[in-house]
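*Asks:* sharing a model that was predicted from the sequence below.
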Amino acid sequence: MSGKCNVFCYLSKKHFMRRISNRRYSPITCSNPACGIEFVPHDRRQIYCEQQCRINFNNDKRHEENNSRFSDEKQSRLNRKILAAAWEKLINQKEKLVARINLEWDKFNFQTQASIKKNLKTGRNILWYHDYGLELIDPAGNLFEIHKKP
Ligand SMILES: [Zn+2]
């Protein structure tokens, strides 16, 4: 940006040229779609009306990138629903065992993020999807026990 002008500067050719150059750019529309105001850039590379607008836009972009995480959250809720249904089916069983293949058949997604907590009784990890959890009982048979938070 242009520096401060003193009285000598005001009278100089340089000052005059600078004023011209300041006015050289024609108005453009701010690149933040949420803003869209028309402004006169003071630099050829300026595409946002002001710095805050650029920051807002980049924040929005990051928010959009987080959407993949939101869809992960959606799948996590679906996983929970599948476990809840399986739990209901096994309600009278002492051990609520379910095979991986059955869960996958119901569109359970094991790639979805879960909170992992160790079962202190068995020493095995439980993958929690909200209030339902899966504990891998038999890795060879891909057998899980379903847990429910009290
Ligand atoms: Zn703007």
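*Replies:* Structure received. Small disclaimer: the values here were computed from a predicted structure and weren't measured. Numbers count the residues shown, from 1 in each chain.
*Asks:* could you list the low-pLDDT ranges of the chain?
*Replies:* 1-23, 70 (pLDDT under 70).
*Asks:* remind me, longest helix of it?
*Replies:* As assigned by DSSP state H, the longest helix anywhere in the chain is helix 67-89.
*Asks:* paired strands for the helix or strand that comes right after that helix, with orientation please.
*Replies:* In the C-terminal direction, the helix or strand that comes right after helix 67-89 (DSSP states H and E) is strand 97-99. According to DSSP bridges, strand 97-99 forms sheet pairs with strand 143-148 (antiparallel).
*Asks:* next, the angle helix 67-89 makes with the partner strand.
*Replies:* Angle, strand 143-148 to helix 67-89, by axes from the mean of the first three to the mean of the last three Cα atoms, to 10 degrees: 90 degrees.
*Asks:* tell me which parts of the chain are close to the ion?
*Replies:* Residues of the chain lying close to the ion (Cβ under 5 Å from the ion) are 30, 32, 35, 49, 53. Yep, even glycine has a C-beta here, placed from its N, CA and C like the rest.
*Asks:* repeat that for 8 Å
*Replies:* 30-32, 35-37, 39, 48-50, 53, 56-57 (Cβ under 8 Å from the ion).
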